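Asks: here's my sequence, what's the structure:
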Amino acid sequence: SYVIAKAVAVILALLILDGIALAAGFAANIVFITDTPVFPAGYVYYPFIILFPAVVWTAGLVFFVNALIPSHALAVTLLAAGLIFQFSLPGSFFDSLGIGLPILASDIAGFGNPNRIILQRIVYFLIGCGCIFTTSFLFRRPSQLRLSKLGSIVFAMVCFACAGFIGLSLAVQSSEDLTAHREMLSLSVQEADQPMVSVADCILDLVHENREIEATASLRLRNDSVVPIKTYFFSLNPGLTVLRVACGTASIPYTRKLHLLVIQPSSSLPPGATDSLVVHYRGTIDERVCTLDVDVAGLKLKHKNMFTTIEPHSAFLTPTYVLLTADALWYPVPGVPDISFDRRSSGRGFVRFTLRVKTKSGLTAISPGNVKQNIPGEWEFIPEYPLPRISLAIGRYEKKAITVDGIEYAVFYHHKHNFFSPYFPDLTQKEISDAIREEKNIYESNLKLDYPFPRFSIVETPIQYISHPTFWKLYGESIQPEIALVPEKG
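Replies: This is a model prediction of the structure:
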């Protein structure tokens, strides 16, 4: 019909103009801004994510409002007021133009939540199409056939129904996330006062396969309390399915309550006594458990400003990249997660860890401790000292290292991110050593403490990785034993 043809013409004209602007920006990026990396893929899929749905939605809305309201001035006023109101709403679902969506992509891990972004854009694309078809139905023209009007309203109803279904599913998912967060927090508060075993030794054998891990945790437990412990309470990520819990060759009964693993030993563990367990589990990582002590809604808004929005992530588990810290509960941790100042599991103490990792050949695993690599894709980490927690990063890393006064200082960076070397072409090993030694001495003098570890590594992480320090915790997960996690290109 006339309306549909006019809408298609307007949309194509806008897309052509935007394409010219993008081509000019791409050329300027290559020719004039030579010190900034070119991201060619962004010029292809960002228009499809932001531009195309926004143009269709805007054109459809303008056509629909003009069809309902004869006064052009009143229609423009209502459209402007609606857009202003829409921008004032919290969250990213009501961002029809896609300006504030978390579409900042990482070279290491890609988009933070691509499925949700794509579904949100499809919603507004379908609403725009529905508005165009509705306008075609309302438009009165002598030559318009009854069959054409019927087809227009049918297509409009299908578009609105599909948009409503997808939008409702996104809203349900958000509601389920908040509900799961509240339930895990409530369960942690409920079980926080249970007597807790200590872990003296923990041997982790982990296999990384695509978006899952399979691991076996061999634990040596100790009762440091003054009362017998009848039940062992552990925290383990709810996305990980426990396959078996055993003591020696005998299986032990256990139950899962969301993120808690409750184990019933054959007999109570007296004070000062020890026990051993083997926990075999497999699955993915549920990030909702990483932020039990954080306001989730406020966290989403915290990383949004006028120009960029970052989708915060506490862990990553992809086929080519892994980042797991203690907050992700990727191995059994005694007690419940730390949730407040008066409900901290301060009795966990230090653990002698051994970590063996198997992943794809070509990926580098990073964790605290002395590292051995027997064959490509298999790594073993044995820390020289007991640690309060352990982390694991796997990715396409390259390493630059230097040893100063018996301590190895290393930088692990994405294999495409060596942008810093050209700025220091004449820097010698002696100059680097002297600078590191001076900064280390100043730091130790200010703290009045010596650095205890034989190595220190700076590890590049995706831009979406966010540590969540709280006022009652002296550290964030970006600082690990022997390791500092920094944002990419930081």
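
Asks: restrict whichever helix or strand E408 is part of to CA atoms and write it as CSV.
Replies: E408 is part of strand 407-414 when elements are defined by DSSP states H and E. Extracted in CSV, the C-alpha atoms of strand 407-414 (Å, rounded to 0.1, in the frame of the first residue of the first chain):
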residue,chain,number,x,y,z
ILE,A,407,60.6,-12.0,42.3
GLU,A,408,59.1,-12.6,38.9
TYR,A,409,57.1,-9.7,37.6
ALA,A,410,54.8,-10.6,34.7
VAL,A,411,52.2,-9.0,32.5
PHE,A,412,49.7,-11.3,30.8
TYR,A,413,47.9,-9.5,28.0
HIS,A,414,45.5,-10.4,25.1
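
Asks: and the strands in the stretch 351-490 of the chain, which stretches?
Replies: Assigned by DSSP state E, counting those that start in this stretch, the stretch 351-490 of the chain shows strands spanning 352-358, 364-366, 370-372, 378-382, 392-395, 397-404, 407-414, 455-461, 479-480, 483-487.

Asks: can you tell me which of those strands is packed in deepest?
Replies: Of all those, strand 392-395 has the most neighbours on average by mean count of other Cβ atoms under 10 Å, namely a mean of 25. Every C-beta, even on glycine, is put in place using the N, C-alpha and C of the backbone.

Asks: follow-up on the earlier one: next, the angle from the strand holding E408 to strand 483-487.
Replies: On the basis of axes from the mean of the first three to the mean of the last three Cα atoms, to 10 degrees, strand 407-414 is oriented at 30 degrees to strand 483-487.

Asks: what does stretch 13-23 rub up against?
Replies: Applying Cβ atoms under 8 Å, 6 or more residues apart in numbering, the external contacts of stretch 13-23 come out as Y43, P47, L51, F52, V55, A59.

Asks: after the helix or strand hosting A161, which helix or strand is next? Please name it.
Replies: Here A161 is covered by helix 146-191, with elements defined by DSSP H and E. Reading on from helix 146-191 to the C-terminus, the next helix or strand found by DSSP H and E is strand 198-209.

Asks: mind listing what's buried along the next helix or strand after that following strand?
Replies: As assigned by DSSP H and E, the chain's next helix or strand after strand 198-209 is strand 212-222. Neighbour-count burial for strand 212-222 flags E212, I213, E214, A215, T216, A217, S218, L219, R220, L221, R222 (criterion: 16 or more other Cβ atoms under 10 Å).

Asks: what's strand 212-222 packed up against?
Replies: Packed against strand 212-222 by the contact rule (3 or more Cβ pairs under 8 Å, 6 or more residues apart in numbering; DSSP states H and E) you find strand 198-209, strand 274-283.

Asks: can you put the buried residues of strand 212-222 in TSV and add distance to P102 and pLDDT?
Replies: Listed next are the buried residues of strand 212-222 as TSV, based on distance: Cβ to Cβ, whole Å; pLDDT from 0 to 100:
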residue	distance to P102	pLDDT
E212	24	95
I213	25	95
E214	30	95
A215	30	96
T216	36	96
A217	34	95
S218	39	95
L219	38	94
R220	43	94
L221	41	92
R222	44	91
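
Asks: check which helix or strand the closest residue to I153 other than its chain neighbours maps to.
Replies: Excluding its sequence neighbours, the residue lying closest to I153 (Cβ to Cβ, 6 or more residues apart in numbering) is F137, at 4.5 Å. F137 belongs to helix 114-138 when assigned by DSSP H and E.

Asks: how far is that helix from where the chain is centred?
Replies: Mean-position distance between helix 114-138 and its chain equals 28 Å (Cα atoms, centre = their mean, to the nearest Å).

Asks: list the buried residues in it.
Replies: Judged by neighbour count using 16+ other Cβ under 10 Å, the buried positions of helix 114-138 are 116-117, 119-121, 123-138.

Asks: and what of stretch 436-456?
Replies: Quick answer for stretch 436-456 (16+ other Cβ under 10 Å): I436, K440, F453, R455, F456.

Asks: related to what we said a few turns ago, could you name the helices and strands sitting against the helix holding A161?
Replies: Applying 3+ Cβ pairs under 8 Å, 6+ apart, one finds that helix 146-191 contacts helix 114-138, strand 260-263, helix 296-302.

Asks: what's the average pLDDT for the longest one?
Replies: When pLDDT is averaged over helix 114-138, the result is 88.

Asks: now the helices: where do they sit in the stretch 301-450 of the chain?
Replies: Taking DSSP state H, counting those that start in this stretch, the helices of the stretch 301-450 of the chain run over residues 429-447.

Asks: circling back: so which of the helices and strands packed on strand 212-222 comes closest to L68?
Replies: Among the helices and strands packed on strand 212-222, the nearest to L68 by Cβ to Cβ is strand 274-283 (51.3 Å).

Asks: turn the strands of the stretch 351-490 of the chain into a markdown table, including distance to G112.
Replies: Shown next, in a markdown table, are these (distance: least, Cβ to Cβ, whole Å):
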| stretch | distance to G112 |
| --- | --- |
| strand 352-358 | 25 |
| strand 364-366 | 22 |
| strand 370-372 | 30 |
| strand 378-382 | 27 |
| strand 392-395 | 16 |
| strand 397-404 | 20 |
| strand 407-414 | 17 |
| strand 455-461 | 13 |
| strand 479-480 | 22 |
| strand 483-487 | 13 |
